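>>> next comes the sequence, and after it the predicted model I'd like to discuss.
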Amino acid sequence: MGGKRLVIVDYGMGNLRSVQKAFERQGHPAEVTSNPGVVASATHLVLPGVGAFQDAIANLRASGLAEPVLEHLRADRPFLGICLGLQLLFERGHEDGVHEGLGFIPGEVVRFPEREDLIVPHMGWNTVSHGPAAGPGALMHAVKPGEYFYFVHSYFARPTDPSVVALTCDYGGQFTAAISRGNCHATQFHPEKSQAAGAALLNAFANL
């Protein structure tokens with residue numbers, strides 16, 4: 001396999017074309033596919049997603065895409081999860097019951113607390129801060145603390161190991177805005193909707 005092959009996984013859950021166009025605006029051709037063989041051949045893999053955790057993991061497994069995604073992660077090839085694509089990396093999601101995720105990152109996905117002062121879903125622009133996994137040389141280190149990114153979600157990931165947290169955000173308390181472990185990276189926010197800051201992050205990922 002020669003050269004870079006940036007592949008966006010199509011499992012029926014997400015704004016795939018906007019992610020594809022965001023990469024292409026940075027000069028990185030990106031394929032959208034539901035073919036497990038193409039997913040297996042990717043050098044750079046992107047798992048986007050919008051919707052319910054239960055439906056998403058069921059679609060991934062039913063379409064034969066879960067295993068090539070996991071093989072890519074285990075091989076430590078560059079991976080980017082976006083929104084639901086971050087949440088699916090975890091062991092469990094607590095949306096409409098308890099559902100098993102891909103289990104690559106220990107931890108769970110939980111709902112924001114029910115509070116009068118907290119509107120759920122968390123939707124709109126918010127700033128991020130560096131976490132332990134955003135040290136010098138790390139992908140998320142290029143994100144400047146205080147930069148704004150666009151969020152739309154009611155659930156957030158709670159990793160068992162806090163050292164994988166790359167970015168945090170404050171919404172009724174600190175929550176995980178991005179994770180990194182090896183070449184596995186994932187954001188709760190939508191970089192494809194986050195203007196210059198998001199474009200810079202997508203470009204940095206594609207250049208890994």
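Cool, got the structure.

>>> which positions within stretch 47-56 qualify as buried?
For stretch 47-56, burial by neighbour count (16 or more other Cβ atoms under 10 Å) applies to Leu47, Pro48, Gly49, Val50, Ala52, Phe53, Asp55, Ala56. Any C-beta I mention is one placed from the backbone N, CA and C, and that applies to glycine too.

>>> check stretch 132-140 too.
Residues of stretch 132-140 classed as buried: Ala133, Ala134, Leu139, Met140 (neighbour count, 16+ other Cβ under 10 Å).

>>> please name the nearest non-neighbouring residue to the second one.
If the residues on either side of it in the chain are set aside, Ala134 comes closest to Met140, at 4.1 Å by Cβ to Cβ, 6 or more residues apart in numbering.

>>> quick one, strands of the protein?
6-9, 31-33, 44-47, 79-82, 90-93, 99-100, 105-111, 122-127, 129-130, 148-153, 155-159, 165-170, 174-181, 184-187 (DSSP state E).

>>> as TSV, those with distance to Leu73 and mean pLDDT would be great.
Rendered in TSV, the data for those read as follows (distance: least, Cβ to Cβ, whole Å; pLDDT from 0 to 100):
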stretch	distance to Leu73	mean pLDDT
strand 6-9	12	98
strand 31-33	17	97
strand 44-47	8	98
strand 79-82	6	98
strand 90-93	12	98
strand 99-100	16	98
strand 105-111	9	98
strand 122-127	26	98
strand 129-130	23	98
strand 148-153	22	98
strand 155-159	15	98
strand 165-170	16	98
strand 174-181	9	98
strand 184-187	6	98
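
>>> nearest to Arg25, of those strands?
Nearest to Arg25, of all the strands of the chain, is strand 6-9, at 13.3 Å by Cβ to Cβ.

>>> give me the residues contacting the closest one.
When contacts are defined by Cβ atoms under 8 Å, 6 or more residues apart in numbering, strand 6-9 is touched by residues 16, 19-20, 23, 28-34, 38-39, 41-48, 65, 69, 206.

>>> quick one: distance of that strand to the chain centre.
13 Å (Cα atoms, centre = their mean, to the nearest Å).

>>> could you please name the strands that strand pairs with and the direction of each pair?
When pairs are called by DSSP bridges, strand 6-9 turns out to pair with strand 31-33 (parallel), strand 44-47 (parallel).

>>> possible to save the strands of the chain as a markdown table with distance to Gln195?
Formatted as a markdown table, these follow (distance: least, Cβ to Cβ, whole Å):
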| stretch | distance to Gln195 |
| --- | --- |
| strand 6-9 | 20 |
| strand 31-33 | 22 |
| strand 44-47 | 19 |
| strand 79-82 | 15 |
| strand 90-93 | 28 |
| strand 99-100 | 33 |
| strand 105-111 | 26 |
| strand 122-127 | 9 |
| strand 129-130 | 19 |
| strand 148-153 | 8 |
| strand 155-159 | 22 |
| strand 165-170 | 17 |
| strand 174-181 | 16 |
| strand 184-187 | 14 |
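
>>> list just the one of those strands that sits closest to Leu201.
Of all the strands of the chain, strand 184-187 comes closest under Cβ to Cβ, at 7.5 Å.

>>> run me through the strand neighbours of the closest one, direction for each.
Partner strands and pairing direction for strand 184-187 (DSSP bridges) are strand 79-82 (parallel), strand 174-181 (antiparallel).
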